[in-house]
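J.: Got a sequence here, can you model it:
(2 chains)
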Number of protein chains: 2
Amino acid sequence: MSTEQPARRRGRERSRADRTAVKHEKFPYIRRAIPNVNLFDEETLVTIEANADRILEEIGIEFRRDPESLELWRKAGADIKGERVHIPRGLARALLATAPRQFTHHARNPARSVVIGGNNTVFAPVGGAPFVTDLDRGRRYGSIEDFTMLTKIAYMCPAIHHAGFLLCEPTDVPVNKRHLDMVYSLIRHTDQPFLGASNHGARAADSIHMARLLFGKEFVEQNTVIMCVINSNSPLVFDSTMINVLKEYARANQGVIVTPAVLAGAMGPVTTAGCIAQILAESMAGMALCQLVRPGAPVVFGSFVGGVSMQTGAPTFGTPNASHMLFAVAELGRRLGVPVRSGGSLCASKTPDAQAAYESAQTLLATVLAGVNFVMHGAGWLEGGLAASPEKMVLDADQLAMMQKMAEGLDMSEKAQAMEAFREVGPGGHFLGCAHTQETYQTAVYNSTVADYSSFEQWSQEGSLTAAERANKVWKRLLDAYEAPPLDLAIDDALQAFVLEKKASMPDGLE
Amino acid sequence: MSTEQPARRRGRERSRADRTAVKHEKFPYIRRAIPNVNLFDEETLVTIEANADRILEEIGIEFRRDPESLELWRKAGADIKGERVHIPRGLARALLATAPRQFTHHARNPARSVVIGGNNTVFAPVGGAPFVTDLDRGRRYGSIEDFTMLTKIAYMCPAIHHAGFLLCEPTDVPVNKRHLDMVYSLIRHTDQPFLGASNHGARAADSIHMARLLFGKEFVEQNTVIMCVINSNSPLVFDSTMINVLKEYARANQGVIVTPAVLAGAMGPVTTAGCIAQILAESMAGMALCQLVRPGAPVVFGSFVGGVSMQTGAPTFGTPNASHMLFAVAELGRRLGVPVRSGGSLCASKTPDAQAAYESAQTLLATVLAGVNFVMHGAGWLEGGLAASPEKMVLDADQLAMMQKMAEGLDMSEKAQAMEAFREVGPGGHFLGCAHTQETYQTAVYNSTVADYSSFEQWSQEGSLTAAERANKVWKRLLDAYEAPPLDLAIDDALQAFVLEKKASMPDGLE
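T.: Purely as a prediction, here's the structure:
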């Protein structure tokens, strides 16, 4: 290459090569260097906390078909009427004194372990979608093949720090066996931390057992290697399935994310202030129960902020109400002294269009600024969570990487202050080819994997592709470049043997 | 309608009627009830302020081909070398002591006047686009017909508080006459505050003259009724055109928004900390010159945050670097004691797709949280500002309305706290049909004008439209429903006479 070649043309050629070559780069989880944004004042938060306490005491919360938890609550000082537990004000919060403020969630590759809580933020991919949709094949029920595909794509995205769990429902596997295939796939295809099953006590136990096969029994007794998501049956109910799962994980000293599934106007009041109090009440009750089961068990204050359309009854996301909830939940979690989980790139749109992106970005930036610690559904979510999309995953993951750079703060090094650049360039000059730019641009600027920054003419010549159409090419390139991280063969054998044995012991088609 | 009809079906029918009927509702400008988000600490800001001062003193800033401004600077204590003005540290800031912290920018309809500065945020539409693009006709050079169309659509959007100025370039009108048609169109088709020409001193004078015809000469002498945007020729140059325009507006006691047109890596350093210092230096110098021209003249600290792609040299928006700049500029403006202006829904995308929406939402939410006072390009901007799009305008305006609801804070009324709703519904119940929801939903929830909240099946039946395709229908409905606000006939005649007379006195086709 001639040294006379203009810097700009050199840049263009380099970039074309860069864009074609797929590197597998993973960012460590985010150590925030920006402050947590507190949108609400002391008076507002104190009022909401008092309302949460009043809800728990005056209305109470039902723990259904689980005498053990009623007994735990009775001993702790709650007033039990049937299955309704009236928790005296302050009791739930007091019980949370034993919960860790932050904890390490271990990965099989120690370099991928994450810290949940404190000044840290961890991104995980979409979870819970029965459908998968992409631009080639359209929308269909998810399969275990789709699940593995989504797992691999997420693994290839630098700013997805956690493998998640139910990236899509593998509906081609019987319900009672799915968790085995999913946990195995997450262990085999990533070396990141992961979640386990939470739809049945026995499946929770299987998930924890597989984690023990992977990490060793003693290590698991002392460390958090798997977490689960517990949804309250809002309003104000925990059913026996959820309680059993909660007890399995808490007893094993594993992480429990207690997430009230409150959509404002359906499972909670349509007014935001009321919804926030309910989310706090339900999550405090669930996390407190974990502490009654095993004091010190790692818990996370979960939330999932959305509403329902008063026109259609369908979920809404990315609204101003949802933003208020997000900020409030993060603040309340910090006051409570527990890590906070919320949803990341949530949207109601059916397709990765402008609606999907507006809704996702509004949710995601608020999530990151608010200081949420564990961000589920960070990438790949469409249609209120009914569908997972590889195109959306690629688009969202690009945003996650940008959010990571944003949250890691402003570079105030002498180089970044650029006084030498001003002296070099001077009034009326240009910075594009200057020495300072050449020295710093590779670290100063995040290079989007999907944004188009070409001219209109160039973009037109290349087919006037939308972002979703470009993302369709990107996820295929990521899949092509995917390589499985090494896994100890003896562990792999043990895991496979367990899955086979368990499956053989089960009837097909159970709910 | 039968009273037995389920609430949900009633809601759906009501909504269909609501969505068809177009009401012309305008929100007042935003009185913020959320705090301004400060992302950076004292040390960071003090360092950047010191760097801005060093740039002004050591490197200096050129005021080209304008002896008068050099003389003003000399008298104020700056060191002049040729056209290079070296401003001693602290001088620019000291000169800004006479600038108002906030001021009213009057509209011909007093109900539409806005306050620029303080705890207020004002949204204005896209400005400066040579092209117009829509889904029907594609991309073409803008015309005065397009300009009027965009003006009307913006006027129909509730959360666009200001008419803006150059919604698109009316390229079918000679360059030297365009400002007359545009100012007239803004006055005739809206009753909102507006900006005037800033591409020539004489055109600035014409704009101010038209404002005097509208508001009366004495009123304009005492009040701000028109503003302009001055771009420094970054780095560190003000040319004679910009200086002449600045002097016209400042002398007339009208608003000057001094906006360094810095794209990081091109007209400024690629490193963010350097860029922020440069923006501060250039804007301080321009605003200080306004104070030298007329102490007390209303000024606004402008910024326009973006970068250039190191691959293509084209502009980038919605990046983490841009977010850092936005937050920093807003904080620095508050410390300086002047209102702050930035861009709203900025994007590099060529089409209203997911890229456009991610970039715009990332810019917009940061803008609103940061506490920016005057938000230009709030709606309708595509392709780095090269194109204005009515579809994008409708999509963005929906986001602006959501941002307004978000910034107006959390309703903590007794009703919103919803304790009665919890008592009404109880554990395991449903809030959708409850009395509390029926009473509060209309004010509790913002109804998006373009988001689709139907089921996948319903959405598919209706043609699987993207958000942009739905927006295409919306802007046509808005145009159909548009009615011009009344304008005093004598004033209208005087304005038209002035425009005709001026045009007749001008040769065609001047730059």
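
J.: Let me see the ranges of the helices in the stretch 401-511 of chain A.
T.: A:414-417, A:419-425, A:435-444, A:456-461, A:467-481, A:489-504 (DSSP state H, counting those that start in this stretch).

J.: Apologies, that question was intended for the stretch 251-400 of chain A.
T.: Using DSSP H, counting those that start in this stretch, helices in the stretch 251-400 of chain A cover A:272-293, A:320-336, A:354-370, A:390-407.

J.: In a markdown table, list those along with distance to residue B:399 and mean pLDDT.
T.: Backbone N, C-alpha and C define where each C-beta goes, glycine included. Below are the helices of the stretch 251-400 of chain A laid out as a markdown table (distance: least, C-beta to C-beta, whole Å; pLDDT from 0 to 100):
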| stretch | distance to residue B:399 | mean pLDDT |
| --- | --- | --- |
| helix A:272-293 | 18 | 98 |
| helix A:320-336 | 10 | 98 |
| helix A:354-370 | 6 | 98 |
| helix A:390-407 | 16 | 98 |
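
J.: For the ones you listed, give me CSV that also has mean neighbour count and distance to chain B.
T.: Shown next, in CSV, are the helices of the stretch 251-400 of chain A (neighbours: other C-beta atoms under 10 Å in any protein chain shown; distance: least, C-beta to the nearest C-beta, whole Å):
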stretch, mean neighbour count, distance to chain B
helix A:272-293, 28, 3
helix A:320-336, 25, 4
helix A:354-370, 29, 3
helix A:390-407, 28, 4
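
J.: would you turn those helices into CSV with distance to residue B:405?
T.: As requested, the helices of the stretch 251-400 of chain A are exported to CSV (distance: least, C-beta to C-beta, whole Å):
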stretch, distance to residue B:405
helix A:272-293, 10
helix A:320-336, 4
helix A:354-370, 12
helix A:390-407, 23
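
J.: Nearest residue to the residue nearest to the spatial centre of chain A in space, please, no chain neighbours.
T.: Nearest to the mean C-alpha position of chain A, by C-alpha atoms, centre = their mean, lies residue A:376 at 1.6 Å. Once flanking residues are discounted, residue A:376 sits nearest to residue A:124: 5.0 Å by C-beta to C-beta, 6 or more residues apart in numbering or on different chains.

J.: burial measure for the one you found, as a count.
T.: 28 (other C-beta atoms under 10 Å in any protein chain shown).

J.: could you check the distance from it over to chain B?
T.: 19 Å (C-beta to the nearest C-beta, to the nearest Å).

J.: cool, residue A:173 as well?
T.: Distance from residue A:173 to chain B, by C-beta to the nearest C-beta: 23 Å.

J.: Tell me who's in contact with that residue.
T.: Applying C-beta atoms under 8 Å, 6 or more residues apart in numbering or on different chains to residue A:173 gives the contacts A:144, A:181.

J.: pLDDT at it, what is it?
T.: As predicted, residue A:173 sits at a pLDDT of 97.

J.: Just the element for it, please.
T.: Taking DSSP states H and E as the definition, one finds residue A:173 inside no helix or strand.

J.: that older thread, would you check how far apart the residue nearest to the centre of chain A and chain B are?
T.: Applying C-beta to the nearest C-beta to residue A:376 and chain B gives a distance of 19 Å.

J.: so that residue sits right up against residue A:127, yeah?
T.: Yes: if you go by C-beta atoms under 8 Å, residue A:376 and residue A:127 touch, sitting 5.8 Å apart.

J.: Touching both of these two, which residues are there?
T.: With C-beta under 8 Å, 6+ apart, residue A:376 and residue A:127 have common neighbours A:164, A:229.

J.: how about the helices in the stretch 1-150 of chain A?
T.: A:7-20, A:42-54, A:67-76, A:91-95, A:144-156.

J.: report the angle between the axes of the next helix or strand after the last one and helix A:144-156?
T.: Spelled out, that is helix A:144-156. Sequence order places helix A:175-189 as the next helix or strand after helix A:144-156, per DSSP H and E. Comparing the axes of helix A:175-189 and helix A:144-156 via axes from the mean of the first three to the mean of the last three C-alpha atoms, to 10 degrees yields an angle of 30 degrees.

J.: where does chain A dip in pLDDT?
T.: A:1-21, A:509-511 (pLDDT under 70).

J.: Where does the record place the domain boundaries for it?
T.: A:95-407, A:420-449 (automatic domain parsing).

J.: Count the neighbours of residue A:483 for me.
T.: Residues near residue A:483, counting by other C-beta under 10 Å: 9.

J.: same question, the one 5 residues further on
T.: By the other C-beta under 10 Å criterion, the neighbourhood of residue A:488 contains 11 residues.

J.: right, and the residue nearest to residue A:376 touches residue A:164 too?
T.: Yes: counting by C-beta under 8 Å, residue A:124 does reach residue A:164; the two are 4.2 Å apart.

J.: Can you work out which residues contact both of the two?
T.: Joint contacts of residue A:124 and residue A:164 (C-beta under 8 Å, 6+ apart) are A:195, A:376.

J.: in stretch A:69-79, what counts as buried?
T.: Buried residues in stretch A:69-79, counted by 16 or more other C-beta atoms under 10 Å in any protein chain shown: A:69-70, A:72-73, A:76, A:78.

J.: and which of the residues you listed is nearest to residue A:447?
T.: When these are compared for distance to residue A:447 (C-beta to C-beta), residue A:69 comes out closest, at 50.8 Å.

J.: nearest to residue A:307, of the helices of the stretch 401-511 of chain A?
T.: helix A:467-481 (25.5 Å).

J.: mind checking how far the residue nearest to residue A:66 when sequence neighbours are not counted is from residue B:311?
T.: Nearest non-adjacent residue to residue A:66, counting by C-beta to C-beta, 6+ apart: residue A:243, 4.5 Å away. As judged by C-beta to C-beta, to the nearest Å, residue A:243 and residue B:311 stand 54 Å apart.
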